[in-house]
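the following block contains a protein sequence and its predicted model.
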Amino acid sequence: MHYDVIVAGLGTMGAATCSYLAGRGLKVLGIEQFDIPHDLGSHSGFTRIIRKAYYEHPDYVPLLQRSYDLWRQQEQKTGQTLYHETGILYLGEPSSSVLRGSLESSRLYDIPVEKWEGGKVRARYPQFHFPAHWDVLWEPGAGYLDVNKSITGFCNTATEAGAEIHTREKIEAWKDQGDHILLKTSRSHYTASRLILTAGPWTRDLTAGLPLRVTRQVLAWLQLPDLERYDYPAFPCWFLHDPDQGMYYGFPVSRTGDPSEPRGIKMALHMPGDTGDPDRLDREIRKEDKAIFRYFLDRYMPRANPVSIHYKTCMYTYCPDEHFLVDYLPGTDRKVVVACGFSGHGFKFAPVIAEILTGLVLGETPNPSAAFLSLKRLDL
Ligand SMILES: Cc1cc2nc3c(=O)[nH]c(=O)nc-3n(C[C@H](O)[C@H](O)[C@H](O)COP(=O)(O)OP(=O)(O)OC[C@H]3O[C@@H](n4cnc5c(N)ncnc54)[C@H](O)[C@@H]3O)c2cc1C
């Protein structure tokens, strides 16, 4: 069977991309090795933060502005709530790169961000304890996305527009045959005019030579006896930049309504964990993993007394400079496009990355520009 485009991997980016490709009238096949969604890749954990005052680099802001619009459009298409606006609190030393970078992006792009006095924060969110000299920022137009509804919703809008979706089928190899791509999977062979690789932590297996690093990350859900004090609006999304450990982040009580989501408030440390192989990731929880959360609670949320903590592992995929990679794969005459290296902050970009990938296979110039995410910068 021949397709205009095959999408390899239907997690975050692949599911959204199938939807945008099919929406443009292309004959699309999306292939996923597991179920949709699943909890073995980079999208496990039910919720993801979305915000605009981007400390990682101001160049991401135009992509985020487009992404916000596209999330709204997807909500209208599917009739589901995907975005929960809670606002986000940023806490840290005045010199924190997170606070400084967020302020810079907010100034450059006129994103509403308020500087709050410590007293105001303590009165409004007494759950946090932090040093008197710290700065606090508040970005009201931020919140979190519902991961599973987003991914299944994109697959549904893809199939409604005519895309074919295969699950539990692993892509084993692909070959450039000159005028088309030949794909071998655990079940069959397919041909396509274009191939898009959105394989997350497994991207290295399908692209020889890309310098990607996969890391093991641990999430925790704290089951608290007074959970109502951590429900929105009594509690928002938050980032707290500890000068020694790095940046912690968390959520209010989740409103996904997913019965399989652990009860409690979710939080994690946003620092690269041990480097690993996605098929051999150590998913056991270690003493050191638990210590990371204990450190946080003792210092910054001393009134939270969890009755139990549920842990889960997930994976980040990093490019050497820790920015995303979205480009044609060299030597394939623009037949193969790769989108990877989304590390710990890619989810919120899913629809805009999907729109860009669709543009790339159609030979269009992306707007907003994603040139800063191209391969050129990696000097391979
Ligand atoms: C703990 C944690 C917290 C995060 N928090 C945030 C946040 O708050 N906000 C935010 O914006 N981002 C966040 N992120 C980042 C975000 O979740 C990721 O950047 C994003 O999910 C990456 O999407 P992806 O499509 O590259 O990978 P995935 O979603 O993992 O999708 C890749 C898919 O490809 C499939 N696949 C791979 N190889 C094959 C093959 N050979 N054949 C068939 N299928 C294949 C995989 O099974 C998988 O389903 C977080 C990530 C983690 C791990």
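Sure, I can see it. Numbering: from 1, shown residues only.

hey, let's count contacts and neighbours off CA atoms from now on
Noted.

can you give me the helices for the stretch 251-380 of the chain?
287-300, 350-361 (DSSP state H, counting those that start in this stretch).

tabulate those helices in JSON lines, adding columns for distance to residue 159 and mean pLDDT.
Shown next, in JSON lines, are these (distance: least, CA to CA, whole Å; pLDDT from 0 to 100):
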{"stretch": "helix 287-300", "distance to residue 159": "40", "mean pLDDT": "97"}
{"stretch": "helix 350-361", "distance to residue 159": "15", "mean pLDDT": "98"}
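
among the ones you listed, which comes closest to the ligand?
The ligand sits nearest to helix 350-361 of all the helices of the stretch 251-380 of the chain, at 7.7 Å, using CA to the nearest ligand atom.

which residues touch the closest one?
12-14, 16-18, 20-21, 63-64, 66-67, 70-71, 194, 196, 326, 328, 334-335, 337, 339, 365-367, 370 (CA atoms under 8 Å, 6 or more residues apart in numbering).

mind redoing it with 7 Å?
Contacting residues not belonging to helix 350-361 are listed as 12-13, 16-17, 20-21, 63, 66-67, 70-71, 194, 365-366 [CA atoms under 7 Å, 6 or more residues apart in numbering].

and for stretch 331-344?
176, 193-198, 200, 212, 316-319, 323-329.

ditto for stretch 22-42
For stretch 22-42, using CA under 7 Å, 6+ apart, the contacting residues are 3-11, 18, 21, 44, 148, 151-152, 158, 161-170, 200-201, 314-316.

ok, which of these also contact the ligand?
By CA under 6 Å from any ligand atom, the members of the contacts of stretch 22-42 lying near the ligand are 8-11, 169-170, 200, 314-316.

from these, list the buried ones, please.
Among these, those scoring as buried are 8-11, 169-170, 200, 314-316 (criterion: 16 or more other CA atoms under 10 Å).

mind listing which of the residues you listed are in strands?
Counted as lying in strands by DSSP state E, out of those, are 8, 314-316.

can you list the ones next to the ligand among the contacts of stretch 22-42 in CSV and add pLDDT and distance to residue 228?
Shown next, in CSV, are those (pLDDT from 0 to 100; distance: CA to CA, whole Å):
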residue, pLDDT, distance to residue 228
8, 98, 42
9, 98, 38
10, 98, 36
11, 98, 32
169, 98, 43
170, 98, 43
200, 98, 36
314, 97, 27
315, 98, 30
316, 98, 31
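
which among the ones in strands among the buried ones among the ones next to the ligand among the contacts of stretch 22-42 gets closest to residue 268?
Nearest to residue 268 out of these is residue 314 (CA to CA; 10.8 Å).

Three-state assignment for the residue nearest to the closest one when sequence neighbours are not counted, please.
Using CA to CA, 6 or more residues apart in numbering and skipping residues adjacent in sequence, the residue nearest residue 314 is residue 217, 5.1 Å away. At residue 217 the chain is in strand, as set by DSSP: H, G, I helix; E, B strand; the rest coil.

which residues are in contact with residue 217?
Here residue 217 is in contact with 273, 313-315 (CA under 7 Å, 6+ apart).

circling back: of the contacts of helix 350-361, grab the buried ones for ChimeraX.
Those of those that count as buried under 16+ other CA under 10 Å are selected in ChimeraX with:
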select :12,13,16,17,20,21,63,66,67,70,71,194,366
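
identify the farthest-apart pair in the contacts of helix 350-361.
71 and 194 (25.9 Å).

report pLDDT for the closest residue to residue 139 other than its chain neighbours.
Leaving out its chain neighbours, the residue that sits closest to residue 139 by CA to CA, 6+ apart is residue 113, at 4.6 Å. As predicted, residue 113 sits at a pLDDT of 98.

wait, residue 113 sits on residue 107?
No - when contacts are counted by CA atoms under 7 Å, residue 113 is not listed as touching residue 107 (8.7 Å).
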